[in-house]
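1. Show me the folded form of this:
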Amino acid sequence: MIKQQNPHGGKLIDRTLSSENVREIISQTDKFQSMDVDIGIARDMENIANGLFSPLEGFLTREDYENVLSNKRLSNGIPWTIPIVLDISHEKASIIKSGDDVILRYEDRPIALLHVEEIYDLDKDAHAQQVFGTTDKSHPGVANTYRMEDNLVGGKIDLLQETPSPYPKYALKPKETRKLFQEMNWNTIVGFQTRNVPHLGHEYIQKTALSNVDGLFINPVIGKKKSGDFRDDVILEAYETLIENYFPQERATLGIFQTEMRYAGPREAVFHAIVRKNFGCTHFIVGRDHAGVGSFYPPFAAHEIFSEFDDLGIIPMFFKSFFYCKKCGSIAHSKICPHSSDFYIHFSGTRMRELLVTGKRPPADSMRPEIADVILKYDNPFVE
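-> Prediction:
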């Protein structure tokens, strides 16, 4: 008997309406006020409705929001580190009130019904400092914060319809991944978060983690990223190639997490773990500078933050740095390799990127040639 991992908060949230209720609401949309949202907010609502963000049932109200900023927990004490909020303008805040139901639209399609509970001010300085640890606008998450409107609206949502996924084959919901893991007879599953194509260091981490569990769930973030990150289609094709050629098919699977990167470092590492717990994972890989950007976070800050959460309900697996040892003739790390650093070849994403940009394969001790070939067939594999 496969024992399912409990969702965060104990219950997998489902805020999707029946088709009959959806038809009724859409037939009366002219009776509701409405607001336009961007794709990031649309994906947040889908992730709430489908249980990826359990136990959230909507956008944070003030008490939960302030607790998340100050304590990294919801007001009921459940760990939560990234504020999931909806920002609105002063103009919109002046015409809606607590108790209103508001249609939220993306590209003029009604996608959710928001049950307004509360409208409150956004302190952008406090938000940036608490979530990202800085108010420096060169940090992409901070820059996004200062582009937000000045008010936040909290309340539960009901999903009317989803926005089409560009990769429906891999857009699995928690109910589907949990069923899949059960069908594959996996009791223990390790989740791997990524926004990059795989090099040999990533593969080594994945296989080391997989040695201790039943299955590996490779779960790339698909959505808005900063300029210079790899494109979503490149990441997916690279991982398809890696799994097909270098993993036992009954031990690894691929699914996507449709959201935007926030680059919140340690806080985002915990958030990523919670989401993978909701997918059904029992373990989660936390790498060096997880979800970091530039030099904003110490290299292992994302490891240290987990000491604050002995009640997280998912087991973090910490990995530091790996290298190719010319003396060992294999990938190694400091606990298993006795040799001098003179023999080390470190995995440099920057160096690999430089080679790929010039149309050259990274060396075979850094990246699988099949992966390099996937990347090189694209005229521009990077986000512009």
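
2. Burial check on A269, number of neighbours?
-> Other residues within reach of A269, judged by other Cβ atoms under 10 Å, total 26. To be clear about C-beta, it is placed using only N, CA and C from the backbone, and glycine gets the same treatment.

3. just F257 next, same as before
-> The local packing of F257 (other Cβ under 10 Å) involves 23 other residues.

4. Could you do the one 4 residues further on as well?
-> Applying other Cβ under 10 Å, we find 17 residues neighbouring M261.

5. same question, Y263
-> Residues near Y263, counting by other Cβ under 10 Å: 22.

6. The closest residue to it other than its chain neighbours: what's it in contact with?
-> For Y263, ignoring the flanking residues on the chain, the nearest one in space by Cβ to Cβ, 6 or more residues apart in numbering is V293 at 4.1 Å. Shown here is V293, whose contacts under the criterion Cβ atoms under 8 Å, 6 or more residues apart in numbering are 139-141, 226, 263, 265.

7. what's the answer for M35, then?
-> M35 makes contacts with 88, 92, 102-105, 114, as judged by Cβ under 8 Å, 6+ apart.

8. so which helix or strand takes in it?
-> When elements are defined using DSSP states H and E, M35 is found to belong to strand 33-36.

9. Report the rounded mean pLDDT for that strand.
-> Strand 33-36 comes out with an average pLDDT of 95.

10. list the buried ones in that strand?
-> Residues of strand 33-36 classed as buried: M35 (neighbour count, 16 or more other Cβ atoms under 10 Å).

11. cool, stretch 98-106 as well?
-> Taking 16+ other Cβ under 10 Å as the neighbour-count basis, stretch 98-106 is seen to contain the buried residues 100, 102-106.

12. quick one: average confidence on it?
-> 97.

13. from here on, count from 36
-> Taking 36 as the first residue, the last one we looked at is stretch 133-141.

14. chain center to it: distance?
-> Once both centres are worked out by Cα atoms, centre = their mean, to the nearest Å, stretch 133-141 turns out to sit 26 Å from its chain's centre.

15. what are the ranges of the strands in the stretch 36-185 of the chain?
-> When assigned using DSSP state E, counting those that start in this stretch, the strands of the stretch 36-185 of the chain occupy the ranges 68-71, 93-94, 121-123, 136-141, 144-150, 153-156.

16. thinking again about what came up before, return the item of the contacts of V328 having minimum pLDDT.
-> K261 (81).

17. What about that one, how many residues nearby?
-> What K261 shows, counting by other Cβ under 10 Å, is a neighbour count of 14.

18. Checking it next. Helix, strand or coil?
-> The three-state assignment at K261 reads coil, by DSSP: H, G, I helix; E, B strand; the rest coil.

19. got the contact list for the nearest residue to it once chain neighbours are set aside?
-> Taking Cβ to Cβ, 6+ apart, and ignoring the residues beside it in sequence, K261 has P175 as its nearest neighbour in space, at 4.8 Å. Residues counted as contacts of P175 (Cβ under 8 Å, 6+ apart) are 261, 296, 298, 328.

20. neighbouring strands for the strand holding M70, and are they parallel or not?
-> Here strand 68-71 has these sheet partners by DSSP bridges: strand 136-141 (parallel).

21. Quick one: residues in contact with the strand it pairs with.
-> Residues outside strand 136-141 that contact it (Cβ under 8 Å, 6+ apart): 60, 64, 67-74, 76-77, 80, 131, 145-151, 192, 198.
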